[in-house]
Structures are given as structure tokens and as C-alpha cells.
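**Q** task: produce atomic coordinates for the following.
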Amino acid sequence: MSSTINKIDIESEAFQTELERTIRFTDKVVKQFNWAYNPDVEINEGIQLGLTRNKLMHSKRYCPCFFITGNKEEDRICPCPPAIEKEIPEDGVCHCQIFCTPEYAARHAKEEEIEEVVHQHSRGLTKEECEILLNKEQLDGDEVNALIEARDLNMINFKLVDVREDMEWRMGHIKGADTLIPTSSFFDTLTESKLGKDENIIVYCHVGSRSAHCQRILNDMGHAKVSNLTYGIVSYGGEIVR
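**A** Predicted coordinates for the structure are as follows:
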């Protein structure tokens, strides 16, 4: 693992104590604004871990789904003004997806139930279908799982890149992930990863926000074949290495 990756011991007393404070903080935010938590518990836990990490490293609970630039006007402190003023009133959910309206929570819970019924695998993909999928900018969990299965059969080739943090990687990552390029040390670690400009790349994070940002960066740097796991690892139904 790269020496440029920032590592935090999530089992330490300091982290666990701060995590408890963060959970009390997010509970208070939900009550204060009459919001709800996302019905997906893993999303909430992941964001709470990220908020705790940022509090310990940067002294503030910055949103873990964004780069921390040091510019006070740009950096988002939870709950951020865009979430309060625009995202939740208009979309029903904040960018990081931990906070939402009660209506969104109820609808999302129902959608998850429907997706479980709809995404039933009846057969494997053909090579042509795999290539079509790899040309998509956004992939869901079932599609990524099917592509990994096809890669294991030597039908296609691509790099699966995790852009979360080291502590998240150690808690659990997609089986078949090729490399970790954390958002917090993205450019340094990207150089070490030696990703080819012409190879197919799939990026993923916790809920798809950080990876979408990294996808745009890679596109701007000349990587033309980059797909994003839209809803992140929490939407992935395949095998997780823990």
C-alpha cells in the first residue's frame, strides 16, 4: 500500500470516542431540521465514519464526499448550506445521502425493495454486451458484478479502482478491486497506480459521490474510458472482501 495514504486506526479509543460524538451530532441534525436518515444504514455509517475522520484530521466535520481544499468558502461543513437550502428541499436528499426528507426515505426504501425483485440474473453476459456496458458512464451494482464475472472468464479487461480511504478499504472492498486511490491523496496515488489512458476503468466509492468527482478528473486528464459505480459499494451485491 502506498506510503502517501493517510491511515487512521478506527479501533482506537480516540476514534471511537469521536465517532460517538459524531453520531450524537447527526442525530441532533436530523431532529433539528425534521429530516430522516437514509434507510440504508451502511450509507449513514460510512458518512459518520468520514465525518469522524475529518474531525480528527481537520478539526471540523467536513463532508467526506468532497475534497478539502483549505478554502473556507468552498469546503463543506456538515450540514452544509447547499444541503439545507437546495439539495434536500429540491431533491429530497443531501449530496452525501445521509440526510433526507421522510418522504424520500419511504420512497427509497420501496425502490430498494423493487430493485431486489427486478435485478434477477437469468444468464451471463455476452462479450458484445460486456463491451456495451463498459462504454456506459454510470453502472449499477448488478452491472459491475456481471462485468467482474465476465473478466474472470477472460471475456473483457478493465481496472476496478476504489477511491475511498484506507480505513474504508480495510473495512471492506469489492472482490476484484485492482487498486486503491484514495480521494484525499488522489493525485499522488494516481501516479503510482500507472493507469493507462486507453484502458477501461471503473471507479467506485461508498455512495458514488467521490468516485463521480474522480471520474471527471480522470476524463479531464485524458482517460476516455471511465465508468462510475453510480451508488457506490453500498449498492453492490457481489462479494466483499472484509
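
**Q** next SSE after the helix or strand bottoming out on mean pLDDT in the chain?
**A** When the helices and strands of the chain are scored by mean pLDDT, DSSP states H and E, helix 102-118 comes last with a mean of 70. Next helix or strand after helix 102-118 toward the C-terminus (DSSP states H and E): helix 127-134.

**Q** low-confidence ranges in the chain?
**A** Filtered on pLDDT under 70, the chain yields the residue ranges 1-4, 111-124.

**Q** this structure: strands as residue ranges?
**A** Using DSSP state E, the strands of the chain run over 36-37, 99-100, 138-139, 159-162, 173-174, 179-180, 201-204, 226-229, 240-241.

**Q** direction included, what does the third one pair against?
**A** Read it as strand 138-139. Strand 138-139 sits in its sheet next to strand 226-229 (parallel), going by DSSP bridges.

**Q** nearest residue to Asp91 other than its sequence neighbours?
**A** Distance criterion C-beta to C-beta, 6 or more residues apart in numbering; nearest residue to Asp91, sequence neighbours excluded, is Tyr104 at 8.0 Å. C-beta here means a position set from N, CA and C on the backbone, and glycine is covered the same way.

**Q** now do the contacts for the one you found.
**A** Ala36, Asp91, Gly92, Val93 (C-beta atoms under 8 Å, 6 or more residues apart in numbering).

**Q** tell me the spacing between the third one and Val29.
**A** Looking back up the chat, that one is Gly92. Separation of Gly92 from Val29 (C-beta to C-beta, to the nearest Å): 16 Å.

**Q** could you do the last one as well?
**A** Taking C-beta to C-beta as the criterion, Val93 is separated from Val29 by 14 Å.

**Q** ok, the two, which is more surrounded?
**A** With neighbours defined as other C-beta atoms under 10 Å, Val93 and Val29 compare such that Val93 has more, 22 against 17.

**Q** so who does Arg61 touch?
**A** By C-beta under 8 Å, 6+ apart, the neighbours of Arg61 are Thr22, Phe25, Leu51, Thr52, Asn54, Lys55, Ile77, Cys78.

**Q** make TSV from the strands of the chain and add mean neighbour count and distance to Ser193 to it.
**A** Shown next, in TSV, are the strands of the chain (neighbours: other C-beta atoms under 10 Å; distance: least, C-beta to C-beta, whole Å):
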stretch	mean neighbour count	distance to Ser193
strand 36-37	18	35
strand 99-100	26	33
strand 138-139	18	20
strand 159-162	22	7
strand 173-174	20	15
strand 179-180	20	5
strand 201-204	27	10
strand 226-229	26	13
strand 240-241	12	19
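
**Q** please tabulate these in TSV and include distance to Ala150 as additional columns.
**A** Listed next are those as TSV, based on distance: least, C-beta to C-beta, whole Å:
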stretch	distance to Ala150
strand 36-37	36
strand 99-100	35
strand 138-139	13
strand 159-162	12
strand 173-174	15
strand 179-180	20
strand 201-204	12
strand 226-229	14
strand 240-241	19
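
**Q** out of the ones you listed, which is closest to Glu87?
**A** Nearest to Glu87, of all these, is strand 99-100, at 8.9 Å by C-beta to C-beta.

**Q** what residues does the closest one touch?
**A** Residues from elsewhere that reach strand 99-100, judged by C-beta under 8 Å, 6+ apart: 26, 29-30, 33, 35-38, 79, 83, 88, 92-94, 108.

**Q** go with 6 Å
**A** Identification of contacts with strand 99-100 by C-beta atoms under 6 Å, 6 or more residues apart in numbering yields Trp35, Ala36, Asn38, Gly92, Val93.

**Q** send me the longest helix seen in the chain as CSV with only the CA atoms.
**A** In the chain, with assignment by DSSP state H, the single longest helix is helix 13-33. Below are the C-alpha coordinates for helix 13-33, written out as CSV (Å, rounded to 0.1, in the frame of the first residue of the first chain):
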residue,chain,number,x,y,z
GLU,A,13,-10.2,4.8,21.8
ALA,A,14,-9.8,8.4,20.3
PHE,A,15,-11.6,7.4,17.1
GLN,A,16,-14.4,5.5,18.8
THR,A,17,-15.0,8.4,21.3
GLU,A,18,-15.2,10.9,18.5
LEU,A,19,-17.4,8.6,16.5
GLU,A,20,-19.9,8.5,19.4
ARG,A,21,-19.9,12.3,19.3
THR,A,22,-20.5,12.3,15.6
ILE,A,23,-23.5,10.0,15.9
ARG,A,24,-25.0,12.3,18.6
PHE,A,25,-24.3,15.2,16.2
THR,A,26,-26.1,13.7,13.2
ASP,A,27,-29.0,12.6,15.5
LYS,A,28,-29.3,16.2,16.5
VAL,A,29,-29.2,17.5,12.9
VAL,A,30,-32.0,15.1,11.9
LYS,A,31,-34.2,16.2,14.8
GLN,A,32,-33.4,20.0,14.3
PHE,A,33,-34.3,20.0,10.6
